[in-house]
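Novice: With the sequence up front, the predicted model follows.
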Amino acid sequence: MGDNTEKPGIRFAGQAVATRDAYGDALLELGKRRRDIVVLDADLSGSTKTAKFAKAFPDRFFNLGVSEQDMIGVAGGLSLTGKVPFASTFAIFETGRAWEQIRQTICYSMLNVKLVATHGGITVGEDGASHQALEDIALMRVLPGMTVIVPSDGIETEQVITAIAEYTGPVYVRLGRGKVPLVMPEDYRFEIGKAYIFNLGNDVNIIATGIMVSEALKARDILRSKDIDAGVINMSTVKPLDKEAVMRAAERARLIITAEEHSIIGGLGSAVCELLSEEKPLRVKRIGVRDRFGRSGRPEELMKLYGLTAEDIVSSVLQSL
Amino acid sequence: MISRSRREDVRIFLEEKAREIRIEILRMLTAAGSGHTGGSLSAADIVTALYFYKMRHRPDEPEWRERDRFILSKGHAAPLLYAVLSLSGYFDREMLKTLRKIDSPLQGHPSSRMLKGVEISTGSLGQGLSIANGIALGLRMDGLSSRVYCLLGDGEIQEGQVWEAAMTAGHYRLDNLCAIIDNNGLQIDGFCCDVMKIEPITDKWRAFGWNVIDIDGHDMGQILDALDEAEGVKGLPTMIVARTVKGKGVSIFEGKAKYHGIAPTGEELEIALKELSRNGR
């Protein structure tokens, strides 16, 4: 990663990779380049993949044990001495258990702390509802000054980790547990607040984030076979929302679909609806978890059960056009 | 080492400074018409000793890299922090009158974004010690000898996060950290022992791996000794449990939970100022 001419996606060789694994690698590379990077974890470093950094740089890694609230405060304190802390645990514990610490200590004081959580969404799988964060994007999006990013694949995750280290201010990054196919081009360069437009459709545009970008692309192909012209936008930065990209999508088609592995309340769907209801009202259908808790099961079974597959996107389009 | 007579002069100077700070606290609270009287007065001697004796800091260079840090975890004692910062020279004393007013940087609870000299925004109890831990770790990584001081309320230690932080400081052996509990025995709803028992405080902190010093938080000599002792302790953090009186310095406020969260009336201020000026030198 130190060599900017190298295409970031090449080393994945087209293989599906979990965004948490890409995080572990990116963090290690970042640690090699920058002495001011410090990493904190709350007893989940094996799962969040911060263990790689910990092994390479033990003097810059702090395990706080099972205490997420303290971890956020310690991260805030480290940032006050000029370090750039990355604090990781599972998404539900990071954003839920420590929400008020994030609000009071990190956001209100605008501290330069990076909250990178893994195990976001329903695809956590067998561990069940207690460990499946379906509210984290909403919880972070509501905080003034917070940036919220949900990378779609390993290529984008690497880019995001590098970009947020360069940016000054609080950031929340949501990563997943399971392997996801690569969807971004090898020469993709992520910018905070800038959506990636795969294409714009004349009938419908699907605005997706995280692993739902992959589902959206599949849905686009199915729709094409039914003579429906669909576009796909990867809205990896949920906040600040790329308003221009949303407006372009809304001007081209009469239907917008949002897709996220999150509650339909408060996440990407809400952000898009908030913007369009003020600027250009048109029909928006939200694909997401419909105000329910998750449950145990295999990730692919859960995606079907909770209506998060490409087929669910397709049927939503067919019903709405 | 300073001589005994020199130390006596320091003690007298600090006692006088604390009296002056109490007067500013009461004036600004009365002008604001709301705010936390009791807990600002109970910690006044300790915080005076920190800013006018112990801490290395530069009011004209608030972000001086090698400064000692003070975290007011019990953020509701903001009037005390503002009085001490102002009298140290961080900002004009006139500004104290703007406490809690629209457009004032003197927020009801301290905001580091609005006022230089405030290290971090506080006000939601239980969070300051974790922040102090992070700063202490960062300073140690940088090889700086700067120290971190953190003031907690006794009611505040009912927050679970305080004990997470207590573990962390002990685990990482943060000997550049000195925390102080303003143990005035009262919280909003009454006596701590009735609301939620916090004793035995000293045993708890010792069990978490801290060096614990138990003092009278209004005896300036004991405060100075404790702060000096803490600086010399190696390998573990220090907790000074300062036994204090809520509302200390003004008889009508002393020991009354009622004055936790209300400001003096104009009439009460007059009584208080008379009492404080009588006690002056």
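Specialist: Perfect, I can see it now.
Novice: Tell me the pLDDT of the closest residue to chain A within the stretch 151-281 of chain B.
Specialist: With C-beta to the nearest C-beta, the shortest gap between the stretch 151-281 of chain B and chain A falls at residue B:164, namely 3.6 Å. Any C-beta I mention is one placed from the backbone N, CA and C, and that applies to glycine too. With respect to pLDDT, residue B:164 has a value of 98.
Novice: helices and strands around the helix or strand hosting it, which ones?
Specialist: Taking DSSP states H and E as the definition, one finds residue B:164 inside helix B:160-171. For helix B:160-171, the elements it packs on are helix A:68-80, helix B:128-141, judged by 3 or more C-beta pairs under 8 Å, 6 or more residues apart in numbering or on different chains; DSSP states H and E.
Novice: Backbone dihedrals for residue A:115, both of them.
Specialist: Backbone geometry at residue A:115, expressed as degrees, to the nearest 10, gives phi -100, psi 110.
Novice: is it true that it touches residue A:102?
Specialist: Yes. Contact criterion C-beta atoms under 8 Å: residue A:115 and residue A:102 qualify, at 6.8 Å.
Novice: joint contacts of these two?
Specialist: Counting by C-beta atoms under 8 Å, 6 or more residues apart in numbering or on different chains, the common neighbours of residue A:115 and residue A:102 are A:72, A:95, A:140, A:170.
Novice: so where's chain A shaky on pLDDT?
Specialist: A:1-11 (pLDDT under 70).
Novice: and the residue of it nearest chain B?
Specialist: At 2.0 Å from chain B, residue A:77 is the closest residue in chain A, using C-beta to the nearest C-beta.
Novice: picking that back up, using JSON lines, lay out the shared contacts of residue A:115 and residue A:102 together with secondary structure and neighbour count.
Specialist: Putting these into JSON lines (DSSP: H, G, I helix; E, B strand; the rest coil; neighbours: other C-beta atoms under 10 Å in any protein chain shown) gives the following:
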{"residue": "A:72", "secondary structure": "helix", "neighbour count": "35"}
{"residue": "A:95", "secondary structure": "helix", "neighbour count": "26"}
{"residue": "A:140", "secondary structure": "helix", "neighbour count": "30"}
{"residue": "A:170", "secondary structure": "coil", "neighbour count": "27"}
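Novice: Contacts only, for the residue of the stretch 151-281 of chain B closest to chain A.
Specialist: By C-beta under 8 Å, 6+ apart, the contact set of residue B:164 is A:64-65, A:67, A:69-70, B:130.
Novice: who in chain B is up against chain A?
Specialist: B:69, B:111-113, B:119-124, B:126-139, B:141-142, B:160-161, B:164-165, B:167-168, B:171-172 (C-beta under 8 Å from any C-beta of the partner chain).
Novice: could you flag which of those residues are buried?
Specialist: Buried subset of the residues of chain B next to chain A (neighbour count, 16 or more other C-beta atoms under 10 Å in any protein chain shown): B:69, B:111-112, B:119-124, B:126-139, B:141, B:161, B:164-165, B:167-168, B:172.
Novice: for the closest residue to residue B:144 other than its chain neighbours, helix, strand, or coil?
Specialist: Leaving out its chain neighbours, the residue that sits closest to residue B:144 by C-beta to C-beta, 6 or more residues apart in numbering or on different chains is residue B:66, at 5.9 Å. Taking DSSP: H, G, I helix; E, B strand; the rest coil as the rule, one finds residue B:66 in the coil state.
Novice: cool, the one 10 residues further on as well?
Specialist: Under three-state DSSP, residue B:76 falls in the helix class.
Novice: can you pull the contacts of the residue of the stretch 51-200 of chain B at minimum distance from chain A?
Specialist: Residue of the stretch 51-200 of chain B nearest chain A, by C-beta to the nearest C-beta: residue B:134 (2.0 Å). By C-beta under 8 Å, 6+ apart, residue B:134 lies in contact with A:73-81, A:85.
Novice: With residue B:35 instead?
Specialist: Contact partners of residue B:35, counting by C-beta under 8 Å, 6+ apart, are B:28-29, B:78-79, B:99-100, B:108, B:261-263.
Novice: go again using 10 Å as the cut-off
Specialist: Contacts for residue B:35 were tallied using C-beta atoms under 10 Å, 6 or more residues apart in numbering or on different chains; they are B:25, B:28-29, B:76-79, B:99-100, B:108-109, B:261-264.
Novice: before we move on, back to that, any idea how far residue A:67 is from the residue of the stretch 151-281 of chain B closest to chain A?
Specialist: In this view, residue B:164 and residue A:67 are 4 Å apart by C-beta to C-beta, to the nearest Å.
Novice: what touches both of these two?
Specialist: Counting by C-beta under 10 Å, 6+ apart, the residues touching both residue B:164 and residue A:67 are A:42, A:73-74, B:130.
Novice: returning to that earlier point: now, the most widely separated pair of the contacts of residue B:134?
Specialist: Largest separation among the contacts of residue B:134 by C-beta to C-beta: A:73 and A:81, giving 13.6 Å.
Novice: When these two are compared, which one has more neighbours?
Specialist: A direct count of neighbours by other C-beta atoms under 10 Å in any protein chain shown for residue A:73 and residue A:81 places residue A:73 higher, at 33 against 23.
Novice: coming back round to it: looking at the contacts of residue B:134, spot the one nearest residue A:305.
Specialist: For the contacts of residue B:134, with residue A:305 as the reference and C-beta to C-beta as the criterion, the closest is residue A:75, at 35.8 Å.
Novice: Pretty sure that closest one sits against residue A:171.
Specialist: No. Taking contacts as C-beta atoms under 10 Å, residue A:75 lies outside contact range of residue A:171: 11.9 Å.
Novice: Identify the contacts common to these two.
Specialist: Going by C-beta under 10 Å, 6+ apart, residues that sit against residue A:75 and also against residue A:171 are A:86, A:106, A:112-115.
Novice: sec struct for the nearest residue to residue B:33 once chain neighbours are set aside, please.
Specialist: Leaving aside its sequence neighbours, residue B:33 sits nearest to residue B:263 (C-beta to C-beta, 6+ apart; 5.7 Å). Classification of residue B:263 using three-state DSSP returns coil.
Novice: I'd guessed residue B:263 sits against residue B:272; true?
Specialist: No. Residue B:263 is beyond contact range of residue B:272, at 11.3 Å (criterion: C-beta under 10 Å).
Novice: So the two - more neighbours on which side?
Specialist: The neighbour comparison of residue B:263 against residue B:272 (other C-beta under 10 Å) goes to residue B:272, with 25 against 21.
Novice: Contact partners for that one?
Specialist: Residue B:272 touches B:22-23, B:25-27, B:30, B:37, B:41, B:247, B:249-253, B:264, counting by C-beta under 10 Å, 6+ apart.
Novice: swap in residue A:12?
Specialist: Here residue A:12 is in contact with A:21-22, A:25, A:153-155, A:158, A:182, A:186 (C-beta under 10 Å, 6+ apart).
Novice: Residue A:164 too?
Specialist: A:30, A:84, A:86, A:112, A:114-116, A:147, A:149, A:170-173, A:190, A:192.
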